[in-house]
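Trainee: Any chance you could fold what I've pasted below:
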Amino acid sequence: MRLIAIARLTGVFGVRGELKCETTSAGETSLAAGRSYALDREGARWVRCGGVRRHQNRSLVSLEEVTTPEAARELVGSELFVDRSEIVLEADEYLDEDLIGLRLLDTGGNELGVVVAVEHLPAADCLVVGAKRSLVPLVSAFIRSIDLAKGEIVADLPAGLLD
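Mentor: Now for the predicted structure:
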């Protein structure tokens, strides 16, 4: 089982133990009443969601085992995890973890480096490539294809971008 974080519990809301929740982009569709979530990446502790609602552009979750503000406070700062196989992505959507480790190739098949991280910057998401940690904007103007099965990303980059 490969657990992926879908949300972070950021605070307590109200007197019934609801929790304020910041979801990842994958978490927006993965949060639902009746589902169980791991509270750690190892899957040692699980909780069941009793309900999800929106309040002032924020997700609020209630967990079946948490019914008081005091009990909810103990979970603030925790993350909710689901198995990677449960996350449904649209075409051309990827999780950061899917991209890390892929080889970045130019259009001629030459290796330019390996993706070591993904940065989410205001202007664009960027691949962080190689030991120099060069940034490559993850935009259609540069990225020609992403093939998870082959473990590669083909890009047509302007001269000097990786320098």
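
Trainee: Outline the domain layout of this protein.
Mentor: Domains of the chain are assigned by automatic domain parsing as 3-86, 96-155.

Trainee: does residue 97 count as helix, strand or coil?
Mentor: Following DSSP: H, G, I helix; E, B strand; the rest coil, residue 97 is assigned to helix.

Trainee: Excluding covalently adjacent residues, which one is nearest to it?
Mentor: residue 4 (6.6 Å; Cβ to Cβ, 6 or more residues apart in numbering). Heads up, the C-betas are built off the backbone N, CA and C, glycines and all.

Trainee: Which residues are in contact with that neighbour?
Mentor: Counting by Cβ atoms under 8 Å, 6 or more residues apart in numbering, residue 4 makes contact with 26, 81, 82, 83, 84, 87, 95, 97.

Trainee: List phi and psi for residue 85.
Mentor: Per-residue torsions, residue 85: phi -70, psi -20 (degrees, to the nearest 10).

Trainee: That one and residue 3: what is the separation?
Mentor: 10 Å (Cβ to Cβ, to the nearest Å).

Trainee: who does residue 117 bridge with?
Mentor: For residue 117, the beta-bridge partners under DSSP bridges are residue 128.

Trainee: residues touching it, list them.
Mentor: Counting by Cβ under 8 Å, 6+ apart, residue 117 has contacts 96, 100, 127, 128, 133.

Trainee: count of residues packed around the closest residue to the first one other than its chain neighbours?
Mentor: By the measure of Cβ to Cβ, 6+ apart, the closest residue to residue 96 outside its immediate chain neighbours is residue 118, 4.1 Å from it. A count of neighbours around residue 118, defined by other Cβ atoms under 10 Å, yields 17.

Trainee: Spell out which residues sit in contact with residue 118, please.
Mentor: For residue 118, the contact set (Cβ under 8 Å, 6+ apart) comprises 96, 99, 100, 125, 126, 127, 128, 138.

Trainee: and the closest residue to the last one other than its chain neighbours, what are its phi and psi?
Mentor: Which is residue 138. Spatial nearest neighbour of residue 138, excluding adjacent residues (Cβ to Cβ, 6+ apart): residue 125 at 4.4 Å. Phi and psi for residue 125, reported as degrees, to the nearest 10, are phi -70, psi 140.
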